[in-house]
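Q: Pasting the sequence and the predicted model now:
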Amino acid sequence: MVKIPPSVRKLKGFEELRMFRNHIRDSYNSLKHRTVSKIKQVKKSQIMDYIRQDYKLTESQKKELYESIIHQNVSNIELVEFNNEAPLVSVIIINRNGLNHLKRLLEDFTQKIQYPHFEIIIVDNVSSDGSIPFLEDLSGSLPLKIIKNKKNESFSRSNNQAAEIADGEYLMLLNNDIEPTYGWLNQMMKSALQSSEVGAVGAKLVYPDCSGSRYNRRNSFKIQHTGIAFMEENGFIKPHNKGNGDVFQVNGVQDEPRAAVTAAALLVSKDKYFEVDGLDEGYIYGYEDVDFCLKLLKKGYKNIYCPKALLFHYEFGTQESDKNQEVKKRRLGNRELFLERWGKWLRRELLMDKLNCHQLYSEKPLKVAFVVTETGENSSAGDYFTALSLGKSFKKFGWEIDFLSRTESKDWYKVDQDVDVLISLLDAYDIRKIRSENNLLIKIAWPRNWLSRWISHPDFVDFDLVMATSETACRYIEEKTGMKTDLLPLATDPDIFNSQVDGNAKWECDYCFTGSYWNDPREIVDMLDPENLPYTFKLFGKNWDEFEKFKDYYEGFVNYQDIPRVYRSTKIVVDDANRVTKEYGSVNSRVFDAIASGVLVVTNGDLGAEETFKGILPVYKSKKELKELLEYYISHEGERNAKIKELQDFVLSQHTYDQRAEKIKSCLESYILKRKIAIKIPAPNWEEVEEWGDYYLALGLKKELERNDCEVILQVLPEWDGDGDARCDAVLVLRGLSRYQPKPQHFNIMWNISHPDEVTIEEYNQYQHVFIASEFWAEEIAQKVDVPVEAMLQCTDPELFYPDPDDKYKHDLLFVGNSRGINRKIIKDLLPTEEGLAVYGAGWKGLIDKKYIKGEHIPNNELRKAYSSCKILLCDHWDDMRDKGFLSNRLFDASACGAFIISDKVRGVENVFGDALITYNDSDELKILLNNYLNNNTKREERSEASKEITINHFTHEKRIEQISKIINYYVNNTRLN
């Protein structure tokens, strides 16, 4: 890493050049990522050829491994003395042309089972390989029942059939491709009988010799299954075998809780089996066992993995014989059913499991990555040390931490899949550039300074959680962005900063300052005058050598690990809250750290001292006040020590990083448990999104939903079909020109706000609920579709649209809208005109006289000024919108601003506005109306006030969210979503 001299940093334009350099690097990395990904896909098959050559075993090695595994397990088990009064176990085996498997499974069955009271029920699905005669020959030596199906039933149906005729108190679901070992059922029954809370019991499954397998040749005699855990993959909370591919060893001899176990060997009481309605027959050879175990979990039972029950499982032989197309179709259907049933519930359980480090659903604890400037012991970046201290507290939860460094990371936008939470301490980090395969990644913004810069970035609204260091900062962010912001001040680590740390003689002084100078004004430059104070002073940090007044006191830069010794070597630390923190009441880390070290702090941060320290922290506002504070507390040791004690008790009781970690954990828990909704915006990309009215509609809905304790993500068109909505329970599609393909794991809502001719009946039927922005069209469609349909007209945000006149937009007639290459109806009907017409919008050049064109765009936050300032606002509708009763959102926005509106006659408008809105039929009528109203202020004000009242009372984002939330709440209360 190249160190940039301070003199270069101070050059004019340096910061702009640095930001440009970083932007170019990030763009290059993004392009490189896409290119390298394609190359990797090409080379994957070549790499696999190399891998397949590894792990070849000789016949003697295979035999040695096999016998070693059996020997280790036999020496590990402790047989229970069961007698004939032990509960009867019905061993259920499903078979189809599995004669060779059956021979292996049933050889010495009684000897290996080591359990006295069992029956065997075999369900045969029209085998033609001699399985039935073989079983009938065994019926004399084994307690065997055979169900002979006349067709190939599914795994779920076959097991349910057997369970219905089983005499046992317990059911043992057992694959026919299992090779049992000594004592396996004995050990599983021991686990099952330990408590009434036990649900399903699973076994340790091991791969046999796999040298003939296409996919598992490297797994011979390795672990196949020690229970089932979950992971997110492409929007799917996917079950997978724990321990798969691990080298066999005897460890974990105690039973362990599991989210689920495989039905290849699953023991459960018959009562509990039927309590959850057995295996769901909607699944066809896939996920039925996971579904079954999750049903047991939701009933309050605990599924158990029994490591002492060892079974070899030849599953790969069966799977690889299936036909590819049949398997693909089956797996897709199973996946969709599983997603619909469990996707939302599992997502919450998985994240909460990681958060609390239970490792029931997940194999790993939560992992947090901090976005920082730089890392390492020589770092001078305060953000790194803040992250380091907070990360240390996270580790006490059992969480893992990592860092994404601007200066050291090759590509800080490449976030590893195992990162669950990202905390950005830098406004320069654009989260829209993140590339991560974890679609559940939670993104947290923690602005500690430069608040105006933070919120100016377009990606700021994409953060899932926002935290700020003062009450004032929280209010500022909420007022400017509408985003809920949690209070999270900086803090201290008392393990590092405490009164037991030894000082250093060379740093001893009466008072000191610690901090660097980055060519930005600092108040101590003017307020601190050590030459005129009869006390010793020392200054620590970077870039202070240019100040002549501090030359004799400057000690240079001190590494972070030495700062506690600096504090223990002084009596008072002077705090200088800089301009980007002071006005927002943020308190610097040095304040908490120095106080925790048993040192007095005096500060210029009056707002922070009041908000965070409740007025007990000494404050200076002038050079004179600073001098008086230093003189008083240095010369009055008793008063100084008393103040230190008061402050230290306060900081240690309320402002440690352990407490901050608890707050973040609580916020994460709240976020995980909140309902989450994705709003799909049909804008082509984020660069152009502000040109789309749908974006502002989405922002308003987002704000209201978040006020209703929902979490909302916004997605533009290229993001619709990806997995970025994996965390969401529901999806709201703003249907205009673009069609969306709903996903089965979501509750999907369409709001058809425009272009009704583009939407087919088949498309409407893909949704669980449909809103249509027209009373007339909603009634028409409701008679043709199979899903609920409601009328929900467009609306406005009264917090953005309200009367706010501005002479800049003082026009007689105003039209706001793009031409789209054609002359709009109301403009065509009006022109030519001698009235003062102002047209704002794109594409009008060459269509109308340039004297009417006043601009191509009015920013959304300025529209209210335009609407409030004109005498008459002109509004029209596209043909299909007019014919089918889709009222323009401009009617509602402008009405909320108190505008007087004349519109073309759109179907149903009179049912909404009555006579408060003036409409016309043709060009002659339009000109008559304009003549009547332009100079009649009283009539205009009467109509505009009436339309404003109608809009504010009935057509706001708040009202629409009430309607949407009612539907979602009904769904929550009647499905597995809760």
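A: It's in. Residues are numbered from 1 along each chain as shown.
Q: Flag the shaky bits of the stretch 301-450 of the chain, pLDDT-wise.
A: Applying pLDDT under 70 to the stretch 301-450 of the chain flags residues 316-323.
Q: What ranges does it have for its strands?
A: According to DSSP state E, counting those that start in this stretch, the stretch 301-450 of the chain carries its strands in the segments 302-313, 367-372, 400-405, 421-424, 442-445.
Q: give me the beta-bridge partners of Leu813?
A: Leu837, Ile872 (DSSP bridges).
Q: how about the strands of the stretch 301-450 of the chain in a markdown table, adding mean neighbour count and distance to Gln766?
A: To be clear about C-beta, it is placed using only N, CA and C from the backbone, and glycine gets the same treatment. Below are those laid out as a markdown table (neighbours: other C-beta atoms under 10 Å; distance: least, C-beta to C-beta, whole Å):
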| stretch | mean neighbour count | distance to Gln766 |
| --- | --- | --- |
| strand 302-313 | 23 | 36 |
| strand 367-372 | 25 | 37 |
| strand 400-405 | 19 | 39 |
| strand 421-424 | 24 | 34 |
| strand 442-445 | 24 | 30 |
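Q: what's the spacing between Gly541 and Lys549?
A: Distance of Gly541 to Lys549, computed by C-beta to C-beta, to the nearest Å: 15 Å.
Q: Can you check which of the strands of the stretch 301-450 of the chain gets nearest to Met527?
A: strand 367-372 (30.5 Å; C-beta to C-beta).
Q: Please save the CA atoms from the closest one in PDB.
A: Output in PDB follows, covering the C-alpha atoms of strand 367-372 (Å, rounded to 0.1, in the frame of the first residue of the first chain):
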ATOM      1  CA  LYS A 367     -20.900 -13.600  10.700                       C
ATOM      2  CA  VAL A 368     -20.500  -9.800  10.700                       C
ATOM      3  CA  ALA A 369     -18.300  -7.800   8.200                       C
ATOM      4  CA  PHE A 370     -17.400  -4.200   8.900                       C
ATOM      5  CA  VAL A 371     -16.700  -1.700   6.100                       C
ATOM      6  CA  VAL A 372     -13.700   0.400   7.200                       C
END
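Q: now stretch 605-619: mean pLDDT?
A: Averaged across stretch 605-619, the pLDDT comes to 95.
Q: Let me fix that, I meant to ask about stretch 191-205.
A: Per-residue scores along stretch 191-205 average to 97.
Q: Relative to the whole chain's centre, how far out is it?
A: 34 Å (C-alpha atoms, centre = their mean, to the nearest Å).
Q: Now do Asp246, the pLDDT please.
A: 89.
Q: Show me which residues of stretch 192-210 are buried.
A: By 16 or more other C-beta atoms under 10 Å, the buried positions in stretch 192-210 come out as 192-193, 198-210.
Q: can you tell me the distance between the two ends of it?
A: 31 Å (C-alpha to C-alpha, to the nearest Å).
Q: Ok, stretch 503-518 next?
A: End to end - C-alpha to C-alpha - stretch 503-518 spans 28 Å.
Q: what does stretch 891-907 give?
A: 14 Å.
Q: again with stretch 680-695
A: 9 Å.
Q: which outside residues touch it?
A: Stretch 680-695 has contacts (C-beta atoms under 8 Å, 6 or more residues apart in numbering) with 432, 458, 698, 714-718, 720, 731-738, 740, 753, 857, 860, 889.
Q: How far off centre is that stretch?
A: Taking mean C-alpha positions (C-alpha atoms, centre = their mean), stretch 680-695 and its chain are 21 Å apart.
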